[in-house]
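K.L.:
Would you be able to build a 3D model of this:
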Amino acid sequence: MFLFKKQALKYLTKSYFSSFNNKEVVNIEKILAEDVTVNDWMVEKSNKPQVLDYIQNIFNTVGTIKITPINIFIENNTVIAEIKIELDESITEYVVDIITFNDEGKIELTSQSKGYFS
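P.N.:
The predicted model follows:
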């Protein structure tokens, strides 16, 4: 298993969040593995086309989305990010996002759980 440097994973993670903030599906597509899986408190989606459809649906549903990383922890090829998500400047969620990268630096798993942290 190839291990990325922590700085590289932190950069990739922040780029992923930035692409969400800007609703850049094309950039998100570039960072996802073909066999990516997304688990969150509402759904589980597997494979890149299903995940991209899910993300596009989120973008179509909200006017604005802002993801702010609060803490980022890295172990091997896994990132644990405590994030604040703001939707349409009226809904705020605190989420823990666990992101696993494959050997090519692509996201193969992202799992989110809602909850407050400090």
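K.L.:
hang on, isn't Lys48 packed against Leu32?
P.N.:
Yes - counting by C-beta atoms under 8 Å, Leu32 is a contact partner of Lys48 at 5.3 Å. Any C-beta I mention is one placed from the backbone N, CA and C, and that applies to glycine too.
K.L.:
quick one: low-confidence ranges for this protein?
P.N.:
1-4, 116-118 (pLDDT under 70).
K.L.:
could you redo the last one with a cut-off of 90?
P.N.:
Low-confidence segments of the chain (pLDDT under 90): 1-7, 40-42, 89, 103, 114-118.
K.L.:
And the strands in it, which stretches?
P.N.:
32-39, 44-46, 65-75, 78-87, 91-101, 107-114 (DSSP state E).
K.L.:
Using CSV, please lay out the ones you listed together with mean neighbour count.
P.N.:
Formatted as CSV, those follow (neighbours: other C-beta atoms under 10 Å):
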stretch, mean neighbour count
strand 32-39, 17
strand 44-46, 14
strand 65-75, 15
strand 78-87, 18
strand 91-101, 17
strand 107-114, 17
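K.L.:
Could you point out which of those sits nearest Ile58?
P.N.:
strand 65-75 (7.3 Å; C-beta to C-beta).
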